[in-house]
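Visitor: sequence first, then the predicted structure:
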Amino acid sequence: MIIDSTHIGQRVRVQGRGEGVLSFVGSTRFKAGLWCGVWLDEPNGKNDGAVMGERYFKCPPKHGVFVLSKYITFTPLSTTSSSEKRQARIRDRSKGARPKNATKPNKREESNNIGYKRGERNDETASPSTTSNESEQNQAQKDTTATTTTTT
């Protein structure tokens, strides 16, 4: 089978390297011939899609490899559904996207890790008769009274 640019995006197996997605087909500056650039599922490659300063495609470091077409076989679609999902996750992570199962931190957890809302009484830490806000007001009133008595 002759491989050309219409095959880009298809799942392939690279002899001695593993499976991945065909990401480049064409001539290169590093060597003559028809080369296939593959974004491997696992870090079994040699590059990130660039060779000798020339970028042919983009992938994470050690996930890119260039091989002659005789070392590539197309993989059946029925056996690659989990690999395709993994490949999509790798692509998303390389763009800085958050994995689907990651959750955004809760503002309540993020701010103070206290298990109650502002203004609510925390029975474990407050005294039975006053809350911390009432205690601050009582202390301020005592300070005012003490200052008034000493100046008169």
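Guide: Sure, I can see it.

Visitor: quick check: residue 69 vs residue 60, distance?
Guide: 24 Å (Cβ to Cβ, to the nearest Å). To be clear about C-beta, it is placed using only N, CA and C from the backbone, and glycine gets the same treatment.

Visitor: ok, now residue 42?
Guide: Residue 42 is 11 Å from residue 60, by Cβ to Cβ.

Visitor: same check on residue 40?
Guide: 9 Å.

Visitor: who has more neighbours, these two?
Guide: The neighbour count for residue 40 versus residue 60, taken as other Cβ atoms under 10 Å, is higher for residue 40 (24 against 16).

Visitor: and residue 37, that one's in a helix?
Guide: No: residue state for residue 37 (DSSP: H, G, I helix; E, B strand; the rest coil) corresponds to strand; a helix is not indicated.

Visitor: residue 24 is in contact with that one, correct?
Guide: Yes: using Cβ atoms under 8 Å, residue 37 is in contact with residue 24, at 3.1 Å.

Visitor: mutual contacts of those two, please.
Guide: Counting by Cβ atoms under 8 Å, 6 or more residues apart in numbering, the contacts common to residue 37 and residue 24 are 49, 56, 57, 66.

Visitor: show me what the last one is bridged to.
Guide: Read that as residue 66. residue 37 (DSSP bridges).

Visitor: which stretches of the chain have low pLDDT?
Guide: Along the chain, segments meeting pLDDT under 70 span 77-152.

Visitor: in it, where's the longest strand?
Guide: strand 18-26 (DSSP state E).

Visitor: that one packs against which elements?
Guide: With contacts taken as 3 or more Cβ pairs under 8 Å, 6 or more residues apart in numbering; DSSP states H and E, strand 18-26 sits against strand 11-14, strand 35-40, strand 64-68, helix 81-94.

Visitor: understood, closing this out.
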